[in-house]
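missing the sequence, but the structure's below:
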């Protein structure tokens, strides 16, 4: 299959060999699990249980609400200890509403929904409803509710379901292991999803540094002519949705559009496997494979981890720390987030927990920019980090916005390559946050304006109606009609962004 | 068990960095310059070694002074080798037997004026080494064009240590040793009405010029070692091919075209390529990160501009060599070139508008 080049990119030290040959092991059920109501992009789920309730494994304990949201399920059987605020697995460490579940040690399954007998003849809504009901979100890290992406088939003509097995982040091997150990489950899930989406073709893209996974997946896919397994070049960030689509199809997703607009929907391989479980067995997403690695971890491993397990329990299962880590990271080293504490839960989007030493991170004091231009060369989005950073340093956010800072997806290539160790991504994250705030303020202002205007219209109409009534000297029985119609609708506030 | 790590979040990601550093980059450039430097110091003997030491030493001392004045960490900043590199490149652009005060004054203009008055490393618009050299050339044209023929160390007639001290620190330039650089000679002869075709026959043949056995500054002679250093830098990915190739291409093409039109008036492209400081300029001066554009497209425009200007200055201006002037002129344009050559963002056209959504036919 002909592949197409992508722009820029880097070749960091991958260090995957520490865990790539370690088969997935299930960790014992922790005594207490902490299930946040929001583990995904979108609105938090609505709590269905209260303190003291007994639940069984797989039982829905929080229901999705609003258009973009995902349900949460009990990862084991036990008693609800509390519904309270617990530190979120986020750099801020801010508290977040969380269901605390005490395991009863029985790990008893609830009555699960019936398997969908023949998914390939089932209506797409049946499958999508099942995926939504099972709380499945993108497991590559973005945690976008998968059912919403599956609904794209209804609105657009789709050509390809692209399975993302690139796993371009250093250290991470969870997708590699899942592909090697459960190829048939992935492929079954993919075929079900392709059926729901209406895509005639499935392409499974795997970076060439995973030859075993490529071999195993190719063999597993050989029975299905519609599936192609493709080894893509090892080039970070190959696993970025838009870049992977470009590498496979040669087409560039226009800014502010989705890859689905080009007829391609991208899902992570582990997500596909979760869909297989949901459709074939009615099992919701209650556990995931997490790569625990980094120089400070005593026994790096790929661990099947119940959702809600504290990072401290997971680290302890992997032998604890051999040395004090410089940073503990949720996700890969390039795009992962630093954890404020180990007392935060593993969530559906947690692909890795890395305890990194200072030598591995290899950061040093920031010095002056020497304009080497490496950041411009490696930027996979064709941006000029050097220029954006100098605007942001002076707090000229408009200038940075004009140069396209909002198109940056924080892949970290520029920061990685910078010889002066300037924290470029940090600047861009700051600018994006600040610009989003400004945008929100503006749309809030717009909304107030609409309210005020519609009120004026309403009052005028009421006054007019009154005058008319007075003029006609008739009883005013039909007075209210125009006023209600002018009730303002809130302007749409944020652009939905599927899978960063 | 809970292990608190609350105190160790220092910075956001990424939590991986290349082994690249400013210090490493500068050091690699010094390494690339070393063979040509050693060979040329040998070729021009003790006076050259002294001037080289004085120039580099002054640059480092002035850098330290400026950093201290600005209340910036002196030791850490000196460790980036940038002042050494500036001094080194500047020493290579001076006449090897020039007196000590040329080196010191050039260092003042390079480091204090061109670099630190703009804000120090990374902030300067103009290449400090070339500013230093150019100010000296304009201010002291006689001293700055007093070239000598090679006097290899320990060879007969080469100045000993004491003679060298007299030359460098006492200002006793022996009259008998002066020689013209090839470019200077051809230019002078042309002004006397002697066609290039004739004068060029009297300069060292091209092969000698390539190897370096000729009069000139440290960096002008020995094109082949400079070339080797430049290729080493490319191999180490410190520089890309864009600037060197476009500089050399510019010089060569202009030379070749005009030579074809009138060989009596214009020297050949090859002559321009291997004479003077073309190679040093192309690989080591024009490629200075700080003062050249950051985009590849911009670098091509910048390099071509340097090349064409070098040829124009050599051919039509008052000075026989034009690398320093050409580079400085293009340095001034680099920020503008950068503005107009920004890469196209992913998913957008060159104006920054989202690409149109075109449905592909299956």
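On my side now, so go ahead. Quick caveat: nothing in here was measured; it's all calculated off a predicted structure.

Any chance of the backbone angles for the residue nearest the centre of chain A?
When Cα atoms, centre = their mean is applied to chain A, the residue found nearest the centroid is residue A:142 (1.5 Å). With angles defined as degrees, to the nearest 10, residue A:142 sits at phi -80, psi -30.

Isn't it up against residue A:351?
No. If you go by Cβ atoms under 8 Å, residue A:142 and residue A:351 don't touch, sitting 10.3 Å apart. C-betas here are computed from N, CA, C, even on glycine.

quick one, what contacts residue A:79?
Contact analysis of residue A:79 by Cβ atoms under 8 Å, 6 or more residues apart in numbering or on different chains lists A:52, A:53, A:54, A:55, A:101, A:102, A:104.

and which of these is nearest to residue B:343?
For these, the closest approach to residue B:343 (Cβ to Cβ) belongs to residue A:101, at 50.3 Å.

Quickly note the distance from residue A:396 to chain B.
Distance, residue A:396 to chain B, using Cβ to the nearest Cβ, to the nearest Å: 15 Å.

confidence score at the closest residue to residue B:317 other than its chain neighbours?
Excluding its sequence neighbours, the residue lying closest to residue B:317 (Cβ to Cβ, 6 or more residues apart in numbering or on different chains) is residue B:325, at 7.7 Å. Model confidence at residue B:325, given as pLDDT, is 95.

does residue B:325 sit in a helix, a strand or a coil?
The three-state assignment at residue B:325 reads helix, by DSSP: H, G, I helix; E, B strand; the rest coil.

That one and residue B:319 touch, don't they?
Yes. Under the contact definition of Cβ under 8 Å, residue B:325 touches residue B:319, with a separation of 7.2 Å.

ok, which residues in the stretch 401-500 of chain A are in contact with chain B?
A:402-404, A:407, A:410, A:412, A:415-421, A:423, A:425-426, A:429 (Cβ under 8 Å from any Cβ of the partner chain).

which among those residues end up buried?
Buried members of these, scored by 16 or more other Cβ atoms under 10 Å in any protein chain shown, are A:403-404, A:407, A:410, A:412, A:415-421, A:423, A:425-426, A:429.

any idea how far the residue most central in space within chain B is from chain A?
Chain B has residue B:285 as the residue nearest its centroid, 2.6 Å off, counting by Cα atoms, centre = their mean. Residue B:285 sits 15 Å away from chain A, taking Cβ to the nearest Cβ as the criterion.

just to revisit the earlier point, compare neighbour counts for residue B:325 and residue B:319 and give me the winner.
Shown here are residue B:325 and residue B:319; by other Cβ atoms under 10 Å in any protein chain shown, residue B:325 has more neighbours (22 against 18).

Could you list the low-confidence segments of chain B?
The model of chain B has pLDDT under 70 over residues B:1-11, B:174-179, B:204-214, B:359-362.

Swap in 50 and give it another go.
For chain B, applying pLDDT under 50 flags the ranges B:1-7, B:361-362.

from the stretch 201-350 of chain B, which residue is nearest to chain A?
residue B:294 (3.2 Å; Cβ to the nearest Cβ).

returning to that earlier point: out of the buried ones among the residues of the stretch 401-500 of chain A next to chain B, who's nearest residue A:229?
Using Cβ to Cβ, those come closest to residue A:229 at residue A:412, 28.1 Å.

Quick check: chain neighbours aside, which residue is closest to that closest one?
residue B:14 (3.4 Å).

Flag every residue of the stretch 201-350 of chain A that's near chain B.
A:242-243, A:251-257, A:261-263, A:310, A:312, A:315-316, A:320-321, A:325-329, A:333-343.

List only buried entries from those.
A:242-243, A:251-255, A:257, A:261-263, A:310, A:312, A:315-316, A:321, A:325-329, A:333-343.

taking these one by one, which sit in helices?
Among those, the subset assigned to helices under DSSP state H consists of A:242, A:243, A:312, A:315, A:316.

Would you format those residues as CSV with pLDDT included?
As requested, those are exported to CSV (pLDDT from 0 to 100):
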residue, pLDDT
A:242, 95
A:243, 96
A:312, 96
A:315, 97
A:316, 96
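
any chance of those residues in JSON lines, with distance to residue B:107 too?
Compiled in JSON lines, those are given as follows (distance: Cβ to Cβ, whole Å):
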{"residue": "A:242", "distance to residue B:107": "50"}
{"residue": "A:243", "distance to residue B:107": "48"}
{"residue": "A:312", "distance to residue B:107": "58"}
{"residue": "A:315", "distance to residue B:107": "55"}
{"residue": "A:316", "distance to residue B:107": "60"}
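
Residue B:264: which of those residues is nearest?
Nearest to residue B:264 among those, with distances taken as Cβ to Cβ, is residue A:243, at 57.8 Å.

Next up, the contacts around residue A:201.
For residue A:201, the contacting residues are A:159, A:160, A:161, A:194, A:226, A:227, A:228, by Cβ under 8 Å, 6+ apart.

Give me the three-state assignment for the third one.
What that stands for is residue A:161. Taking three-state DSSP, the label given to residue A:161 is strand.

I'd assumed residue A:267 was in contact with it.
Yes. When contacts are counted by Cβ under 8 Å, residue A:161 is listed as touching residue A:267 (6.9 Å).

so what sits against both of those two?
Between them, residue A:161 and residue A:267 share the contacting residues A:190, A:193, judged by Cβ under 8 Å, 6+ apart.

Span of stretch A:56-76 from start to end?
The first and last residues of stretch A:56-76 sit 6 Å apart, counting by Cα to Cα, to the nearest Å.

Get me the contact residues on the stretch 151-300 of chain B for chain A.
So the stretch 151-300 of chain B meets chain A at B:289, B:290, B:291, B:292, B:293, B:294, B:295, B:296 (Cβ under 8 Å from any Cβ).

For the third one, give its distance to residue B:29.
Remark: distance between residue B:291 and residue B:29 (Cβ to Cβ, to the nearest Å) = 14 Å.

residues contacting residue 60?
No chain specified, so I'll use chain A. A:48, A:71, A:72, A:73, A:133, A:135, A:284 are the contacts of residue A:60 under Cβ under 8 Å, 6+ apart.

um, chain B though
B:78, B:83, B:84, B:87.
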